[in-house]
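In: Just to be clear, the model below is a prediction. Sequence and coordinates:
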Protein chains: 2
Amino acid sequence: MTDPAFQDYYPDDYSHCYGCGRLNAHGLQIKSRWEGDSSVCSFQPAAHHMAIPGYVYGGLIASLIDCHGTGTAAAAAYRRDGRAMNTDPPYRYLTASLHVDYLKPTPLGPPLELRGTVTEIQGRKAVIGIEVRADGVVTARGTVVAVQMPDHMRPAVTG
Amino acid sequence: MTDPAFQDYYPDDYSHCYGCGRLNAHGLQIKSRWEGDSSVCSFQPAAHHMAIPGYVYGGLIASLIDCHGTGTAAAAAYRRDGRAMNTDPPYRYLTASLHVDYLKPTPLGPPLELRGTVTEIQGRKAVIGIEVRADGVVTARGTVVAVQMPDHMRPAVTG
C-alpha cells in the first residue's frame, strides 16, 4: 500500500478538506486506493473520536464514508475515461447525499477498513457503496451520491 | 439561550462524545435547546472545517446533524414521559441511520443553525428531521433514525 493514494493526486487547491486534504493539518487526512475494483481506506481513530467509552463516534464514520466516497467517485471517473489521475483537468466530486446505516456499535481501538464499490457512474454523477469494518466485522454501511464539482466552484488557481 | 442545553444534562459517562460531549476537549461540544416544538443548535465552524476554500466540510454537517438528532430524540423522550431531563434513569439515543441531502454548498464563515423536528417517537425509536441554515438559507437537510441505547452498552457507573 505504498502507491500514491487518490487524494495525493488532488491539486493543492483541492487539498484542504478536513476529511481528506493532505494540506489540512487539523484534518483526518484519509487515503484511498484501488484494490482491483474496490477502493480501500484504512483509518486509525484517535482516542477522542469516541461516542461513549469503547465505541467510535458515528460522525467520524460518516465523515470517512463521505470522503472515501467522493475520492472513489473521482478515481472511477479517471478510470472510465482511460486517464491517469495526474492529468488535467482534475476530476473532483461533491457529495449530493450521504446515507449511513449503523449496523452495530463500532469498537474504538482497531483501525477501520472502508471498502467502496462503484455502483453507478454516468455523466457527472456517481454512486458509491461503502462498507466499514472493524476487526473484520462490518459495523456500518454507507451510500454516497456524488456529483462532479461545477466549474464555478473550482478554486481560481486550478480553474 | 442561557438555559442548560440537552447535552448539559447528560451524565458524565455519556459526555465524552466527540460531537456533543462537554467533557471531550477535542470535540465539537454542540449544544441543543428547545424553541417551542423545534430543537435548535447554533454552531460556529472553525477555519479548518473546510471542504474546499470558502465552503464547509460535509462531514462536519453530518456530524452536527447526528448529535443534534440524538440529543433531540432524548429530549423528546423526556417530554413524552413528562419527566425533567435531570431525572434518572437517563435517556440516551444511538444513531441507527443518518441521511443527509446537501442541497447547496454551505458557506464557511457564518454560524450554522440546525433546526430539528420530531417526526416520530414511539417505544425505543425516534425519527428527527433537521434543516441546516447558513445566513438564513437552508443548505442541507438530514434525517436521523435514533434508538434508545441498550442497557448493556451503558457505561458501568451510570448503568
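Out: Perfect, I can see it now.
In: quick one, what contacts the residue most central in space within chain A?
Out: Residue closest to the average C-alpha location in chain A (CA atoms, centre = their mean): residue A:68, at 1.1 Å. Contact analysis of residue A:68 by CB atoms under 8 Å, 6 or more residues apart in numbering or on different chains lists A:20, A:30, A:32, A:39, A:41, A:114, A:116, A:128, A:130, A:144. In short, each C-beta sits where N, CA and C put it, glycine included.
In: Restricted to strands, list those.
Out: Secondary structure defined by DSSP state E assigns A:39, A:41, A:114, A:116, A:128, A:130, A:144 of these to strands.
In: Let me know the closest of these to chain B.
Out: Distance to chain B across those (CB to the nearest CB) is lowest for residue A:144, with 9.6 Å.
In: Chain neighbours aside, what residue packs nearest to the closest one?
Out: residue A:69 (2.8 Å; CB to CB, 6 or more residues apart in numbering or on different chains).
In: on that earlier part again, relative to helix B:58-80, how tilted is the helix or strand where the residue nearest to the centre of chain A lies?
Out: Taking DSSP states H and E as the definition, residue A:68 sits inside helix A:58-80. Counting by axes from the mean of the first three to the mean of the last three CA atoms, to 10 degrees, helix A:58-80 lies at 140 degrees to helix B:58-80.
In: in chain A, which ranges drop under the pLDDT threshold?
Out: Applying pLDDT under 70 to chain A flags residues A:1, A:155-159.
In: Quick check: the most far-flung residue of it relative to its centre vs residue B:12, distance?
Out: Among residues of chain A, the one most distant from the C-alpha centroid is residue A:53; the distance is 25.9 Å, by CA atoms, centre = their mean. According to CB to CB, to the nearest Å, residue A:53 stands 11 Å off from residue B:12.
In: circling back: highest neighbour count among the contacts of residue A:68?
Out: In terms of neighbours by other CB atoms under 10 Å in any protein chain shown, those top out with residue A:20 at 30 neighbours.
In: Could you give the number of residues near residue A:10?
Out: Using other CB under 10 Å, residue A:10 has 24 neighbouring residues.
In: ok so, going back, list the buried residues of the helix holding residue A:68.
Out: A:58-78 (16 or more other CB atoms under 10 Å in any protein chain shown).
In: chain center to the helix or strand following it: distance?
Out: The element immediately downstream of helix A:58-80 (helix or strand, assigned by DSSP H and E) is strand A:93-102. For strand A:93-102, the separation from the chain centroid amounts to 10 Å (computed by CA atoms, centre = their mean, to the nearest Å).
In: Please apply the same query to stretch A:130-141.
Out: 15 Å.
In: residue contacts, the residue lying closest to residue A:85 once chain neighbours are set aside?
Out: Ranked by CB to CB, 6+ apart and with sequence neighbours excluded, the top spatial neighbour of residue A:85 is residue A:9, at 4.1 Å. Contact partners of residue A:9, counting by CB under 8 Å, 6+ apart, are A:85, A:86, A:90.
In: just residue A:142 next, same as before
Out: When contacts are counted by CB under 8 Å, 6+ apart, residue A:142 touches A:61, A:62, A:65, A:69, A:98, A:99, A:100, A:101, A:129, A:130, A:131, A:132.
In: Show me which positions of the host helix or strand of the last one end up buried.
Out: By that I understand residue A:132. In the assignment (DSSP H and E), residue A:132 maps to strand A:125-134. In terms of neighbour count (16+ other CB under 10 Å), strand A:125-134 has its buried residues at A:126, A:127, A:128, A:129, A:130, A:131, A:132, A:133, A:134.
In: Mind putting these into TSV with distance to residue B:139?
Out: Below are these laid out as TSV (distance: CB to CB, whole Å):
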residue	distance to residue B:139
A:126	21
A:127	22
A:128	22
A:129	25
A:130	23
A:131	29
A:132	26
A:133	32
A:134	32
